[in-house]
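Enquirer: Structure here, sequence nowhere to be found:
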């Protein structure tokens, strides 16, 4: 795999994992508050 | 989860509806359609239009559907005819546009259940080792054709297995649907979704640790396998087709524009959040698609078949990737029967969590607009779809499934999404829409989305529709790409779909007249 390929893979994965982590943490946090 | 209109069902927890919506979105396409789209449309560069479409099209439509669904649920409507009517009460005809929100899922359900039954059958065949001895594409294709009843061969002499597994899968769908929102759909998704992610994660780890299994071909390694999918071709970004492919994939994968999210969200109360929940469901779908789906089929196939065959494999279509290439790949691993079972059971769970969501709009329509009991609504839905499913089961080879998929799963999806976004941002009005989105919201939507939802998302959808009309309308309408012997079957499918649309229009008319009479009698 080329360096550009790795950059696209890692950027895409990071964006998605970040999105899921933030959302799930906030949902779990709200559940505890409730 | 309170303040639901009396008599309507509700979700028992927030994670319940998030898992149900994610389950609806995560289907066979995440694991089979997405990797082929990326590899064939510019590799990593495809992710630029993909993420642009996610931000400008997918996420806004997700919020719109969650918001419209919750809004309509407050008036006791769980499907698009009633929800659209609640938004634009002065317009007598808007409820008829809402028919698409029942028609689309119903049409997809007709063929999807049959395909879903193949995954269950193959998970049993994997455990029993029925295809264990097959070592080449021709043999595995023959096994699949025999199973589908397309040919009689040494593997299958008829459609008995296929029909048996179809009956079992259909019954499983009906049982879950019959048990209702909390006791059926939510309960099942709370078990099935973690199980699906575990299966996918185990397969993901197995694939990324494959290394270089054949030392005679040192280039056939997992690193280059990922390269086949991800190495970018920036020239692809100049092609309008690639941008449309990415937009289509986003609509398809998030299950927006179908009508199922409207129905699921209608069981929320006014105080429930839709912004964070919708974004979380979309994120879970992307996790399953980009990270897990993009890392299993094609990288694994590359390691065992090498670069020479990969273009043909990626172009072979969803069914071949899932039911021909992947079993051959897994056959080459130690404990092949266990891996085969894991792969097909993963697809079965992905399929079942999607198909139950496809059934819910029609059932909700009968419950909400005709006051039918759950039992009566499910029995009617079951009888009608059971008959219609036989078109897909017995006329697969004649192009019936492709035709159903084209209208129910592609064209009407874009039309419905366009109607929804226009209704939401222009008819309901962006100020009202903005307030409605943020009712009970646990997260603020960035203000720029006021303009994206009002201008960019509709324009994006018009561009998709317009391009389709210009490029494909004539050959499709006149069946130019369909073999002459299949044209009569395709025509019969189109007539059946028109009859189905007409029947739904009549039902909407009857339901509204009935309500008017009841309202007059009550007054």
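Expert: Now that the structure is in, tell me what you want to look at. Owing to the predicted nature of the structure, the values given are computational and were not obtained by experimental measurement.
Enquirer: C-alpha only now, for contacts and for neighbours.
Expert: Will do.
Enquirer: give me the low-pLDDT residue ranges for the chain?
Expert: Picked chain A for this. Along chain A, the parts satisfying pLDDT under 70 run over A:31-34.
Enquirer: wrong one, I was asking about chain B
Expert: By pLDDT under 70, the low-scoring segments of chain B are B:1-6, B:523.
Enquirer: Tell me the residues of it that contact chain A?
Expert: Within chain B, the positions adjacent to chain A are B:43-45, B:47, B:223-228, B:230-232, B:276-277, B:279-280, B:283-284, B:286-287, B:290-291, B:442 by Cα under 8 Å from any Cα of the partner chain.
Enquirer: Which of the residues you listed fall in helices?
Expert: Under the assignment DSSP state H, those contribute B:47, B:223-228, B:230, B:276-277, B:279-280, B:283-284, B:286 to helices.
Enquirer: quick one: which of those residues is nearest to residue B:129?
Expert: Nearest to residue B:129 among those, counting by Cα to Cα, is residue B:225 at 27.2 Å.
Enquirer: My understanding was that the closest one contacts residue B:302; is that so?
Expert: Yes. The pair residue B:225 / residue B:302 is scored as a contact, 5.1 Å apart, by Cα atoms under 8 Å.
Enquirer: rewinding a little: which among the ones in helices among the residues of chain B next to chain A gets closest to chain A?
Expert: Nearest to chain A out of those is residue B:227 (Cα to the nearest Cα; 3.9 Å).
Enquirer: wait, what's in contact with the closest one?
Expert: The neighbours of residue B:227, taking Cα atoms under 8 Å, 6 or more residues apart in numbering or on different chains as the test, are A:1, A:2, A:5, A:6.
Enquirer: element containing the third one, please.
Expert: When you say that, I think you mean residue A:5. helix A:3-33 (DSSP states H and E).
Enquirer: buried stuff in that helix?
Expert: For helix A:3-33, the neighbour count (16 or more other Cα atoms under 10 Å in any protein chain shown) marks A:4-6, A:8-9, A:12-13, A:16-17, A:19-20, A:23-24, A:26-27 as buried.
Enquirer: how far off helix B:222-230 does that helix point, in degrees?
Expert: Comparing the axes of helix A:3-33 and helix B:222-230 via axes from the mean of the first three to the mean of the last three Cα atoms, to 10 degrees yields an angle of 80 degrees.
Enquirer: about what we covered before: quick check: of the ones in helices among the residues of chain B next to chain A, which lies closest to residue B:317?
Expert: residue B:228 (16.7 Å).
Enquirer: Give me the neighbour count for the nearest residue to the closest one once chain neighbours are set aside.
Expert: The shortest distance from residue B:228 to any non-neighbouring residue, by Cα to Cα, 6 or more residues apart in numbering or on different chains, is to residue B:39 (6.5 Å). Neighbours of residue B:39 under the rule other Cα atoms under 10 Å in any protein chain shown: 26.
Enquirer: Residue B:39 and residue B:227: what is the separation?
Expert: Taking Cα to Cα, to the nearest Å as the measure, residue B:39 falls 9 Å from residue B:227.
Enquirer: Helix or strand: which one has the residue nearest to residue B:362 when sequence neighbours are not counted?
Expert: Residue nearest to residue B:362 in three dimensions, not counting chain neighbours: residue B:102, with 5.6 Å by Cα to Cα, 6+ apart. Here residue B:102 sits within helix B:100-128, counting by DSSP H and E.
Enquirer: and if you look at residue B:379?
Expert: Per DSSP H and E: helix B:374-394 holds residue B:379.
Enquirer: After that helix, which helix or strand is next?
Expert: With DSSP H and E, the next secondary element past helix B:374-394 is helix B:400-406.
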